[in-house]
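K.L.:
Turn this into a structure:
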Amino acid sequence: MDTASTSISGTEQRTALVVGSTGITGRNLAAHLSSNGWKVYGLARNPGTSPDILPVAADLLKPSSLRDALSGIKVSHVFFCTWLRQETETENVKVNGAMIENLFAALEGTSQLTHAALVTGTKQYRGPFEAYGQTSAETPFREDTPRLPGENFYYTQEDVLFAAAKRGGFGWSVHRPHSMIGYALGNAMNMGVTLAVYASICRETGQPFIFPGSHLQWNALTDVTDALLLAQHLEWASTAPQARDQAFNVVNGDIFRWRWLWPQLAAYFGVEASGPPEPISPLAPRMAGAGSIWKTMAAKYGLAEPNVDKLASWWHTDGDLGRELECVNDMSKSRKLGFEIYQDTPTSFTSLFDRLRRDRIIPSFD
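P.N.:
Residues are numbered from 1 along each chain as shown. Next up, the predicted model:
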């Protein structure tokens, strides 16, 4: 039996507010909870439509409209899965701190709220974008590692969560995934879709599939997080009493080297795998002309999205793969408390690629 999934029926039905329901985490979480019997509200500025998700259109930076949007909605669980990138970490702290502060202010007095979960990431241990890796915790990263010096909007969001939980008397959990692999379009932190688009362009143009990151990342041990596994972990931690008021790393459970995985990804697309050259060759500059190539491919293969900028996040994948430090996350805490689900990483990628082909996001080349 799946230890992270709980059947819910009748009067026991839980009600979730998934904040950031169109992103890679929120989208997969909302679908997972709904399939498990939860009533799910999906909050976003443009929440779209889904037959199983109740849309809540709201801007987290506009307190009055946020309060109006949430008026009359009673939820038992909140899942905060969104952020907005700013030019500096000072601005990141200000903006992303305000978003979660505004949310809990709008929910103040919601007596049914029993748990709130916050999704952050491994910059908890490596520092923010502008100081990335200048100080770093020792690997494998563990949840009880002290905070690094300096500003980090993850720390600010945590502090807001802790204070709100204390005021409201509800439980909390913090979830720290690594690089996310999962189905989402138009998302800034989306390595899987970005690599699928990159490999498809390589196939179409007859170019080798060159690893765009550093030699250290090519050779070092690392891990990733499947968005569906994260969804299961969020549900588990929000409903298991032993996981209340805890922070958790969340990764697939296996470790790998990119020099081992990269040829497998290349083989899926039928392209030639190539390791990092000297000097390295990041995606952002190489993909500067990808827009016109992709538009032509979209017309040729009948793809659903002709705008490559709505699919690929070259800069973020460059950041993930270009690191000059080791990144491995310890999952012992979750295992000891009962979360035993494991995800094979090559399957995370190939399952995503299969779905992208089915949905005509990338060509099948059949």
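K.L.:
what about the strands in this protein?
P.N.:
For the chain, applying DSSP state E gives strands covering 15-19, 39-44, 54-57, 77-80, 115-119, 171-177, 180-181, 209-210, 221-222, 225-226, 246-250, 256-257, 273-274.
K.L.:
List the contacts of the last one.
P.N.:
Same thing as strand 273-274. Pro208, Phe209, Ile210, Phe211, Trp262, Pro263, Leu265, Ala266, Ala267 (C-beta atoms under 8 Å, 6 or more residues apart in numbering). For glycine as for every other residue, the C-beta is placed from the backbone atoms N, C-alpha and C.
K.L.:
Let me know the closest of those to Tyr198.
P.N.:
Phe209 (7.5 Å; C-beta to C-beta).
K.L.:
ok, Ala298 touching Leu311?
P.N.:
No. Look at Ala298 against Leu311 with C-beta atoms under 8 Å: they stay out of range, at 10.2 Å.
K.L.:
Which residues are in contact with each of these two?
P.N.:
Common neighbours of Ala298 and Leu311, using C-beta under 8 Å, 6+ apart, are Glu305.
K.L.:
out of those two, which sits in the busier spot?
P.N.:
Legend: neighbour count by other C-beta atoms under 10 Å for Ala298 and Leu311, higher for Leu311 (25 against 18).
K.L.:
and of the strands of the chain, who's closest to Ser364?
P.N.:
strand 209-210 (17.3 Å).
K.L.:
Pull the number of nearby residues for Thr350.
P.N.:
For Thr350, using other C-beta under 10 Å, the count is 15.
K.L.:
Apologies, that question was intended for Gly169.
P.N.:
For Gly169, using other C-beta under 10 Å, the count is 9.
K.L.:
And for Trp236?
P.N.:
That count, for Trp236 with other C-beta under 10 Å as the rule, works out to 23.
K.L.:
Hmm, Ala243 and it touching each other?
P.N.:
Yes. Counting by C-beta under 8 Å, Trp236 touches Ala243, with 6.6 Å between them.
K.L.:
Between those two, which contacts overlap?
P.N.:
With C-beta under 8 Å, 6+ apart as the test, Trp236 and Ala243 both reach Gly338, Phe339.
K.L.:
got the strands of the chain as CSV, with distance to Val197 columns?
P.N.:
Formatted as CSV, these follow (distance: least, C-beta to C-beta, whole Å):
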stretch, distance to Val197
strand 15-19, 26
strand 39-44, 23
strand 54-57, 28
strand 77-80, 28
strand 115-119, 24
strand 171-177, 22
strand 180-181, 14
strand 209-210, 12
strand 221-222, 21
strand 225-226, 19
strand 246-250, 25
strand 256-257, 22
strand 273-274, 17
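K.L.:
Specify the stretch among the ones you listed that is closest to Arg335.
P.N.:
Taking these one by one with C-beta to C-beta, strand 246-250 is closest: 10.4 Å.
K.L.:
Now do the helices in the stretch 51-200 of the chain.
P.N.:
63-70, 89-106, 123-126, 153-168, 191-205 (DSSP state H, counting those that start in this stretch).
K.L.:
could these be laid out in a markdown table, adding distance to Ala16?
P.N.:
Converted to a markdown table, the helices of the stretch 51-200 of the chain look like this (distance: least, C-beta to C-beta, whole Å):
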| stretch | distance to Ala16 |
| --- | --- |
| helix 63-70 | 13 |
| helix 89-106 | 14 |
| helix 123-126 | 24 |
| helix 153-168 | 16 |
| helix 191-205 | 24 |
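K.L.:
got TSV for those helices, with distance to Pro306 and mean neighbour count too?
P.N.:
As requested, the helices of the stretch 51-200 of the chain are exported to TSV (distance: least, C-beta to C-beta, whole Å; neighbours: other C-beta atoms under 10 Å):
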stretch	distance to Pro306	mean neighbour count
helix 63-70	32	15
helix 89-106	31	19
helix 123-126	33	21
helix 153-168	34	18
helix 191-205	12	22
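K.L.:
TSV for the ones you listed, including distance to Thr350 and mean pLDDT?
P.N.:
What follows is these, written out as TSV (distance: least, C-beta to C-beta, whole Å; pLDDT from 0 to 100):
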stretch	distance to Thr350	mean pLDDT
helix 63-70	39	94
helix 89-106	33	97
helix 123-126	28	94
helix 153-168	31	97
helix 191-205	10	97
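K.L.:
can you tell which of those helices is closest to Ser35?
P.N.:
Per C-beta to C-beta, nearest to Ser35 of those: helix 191-205, 20.8 Å.
K.L.:
what about the closest one, distance to the chain center?
P.N.:
Mean C-alpha position of helix 191-205 versus that of the full chain (C-alpha atoms, centre = their mean, to the nearest Å) differs by 20 Å.
K.L.:
Show me what that helix is packed against.
P.N.:
strand 180-181, strand 209-210, helix 258-269, helix 290-301, helix 314-321, helix 345-358 (3 or more C-beta pairs under 8 Å, 6 or more residues apart in numbering; DSSP states H and E).
K.L.:
Please identify the deepest-packed of these.
P.N.:
Highest mean neighbour count among the helices and strands packed on helix 191-205 (mean count of other C-beta atoms under 10 Å): strand 180-181, with a mean of 26.
K.L.:
Pairing partners for it, with directions?
P.N.:
Here strand 180-181 is paired, per DSSP bridges, with strand 225-226 (parallel).
K.L.:
I'd like to know how far the closest residue to Ala105 other than its chain neighbours sits from Gly26.
P.N.:
Closest residue to Ala105 apart from its sequence neighbours, by C-beta to C-beta, 6 or more residues apart in numbering: Pro63 at 6.5 Å. Separation of Pro63 from Gly26 (C-beta to C-beta, to the nearest Å): 21 Å.
K.L.:
go on, Phe170?
P.N.:
To Gly26, Phe170 is 20 Å away according to C-beta to C-beta.
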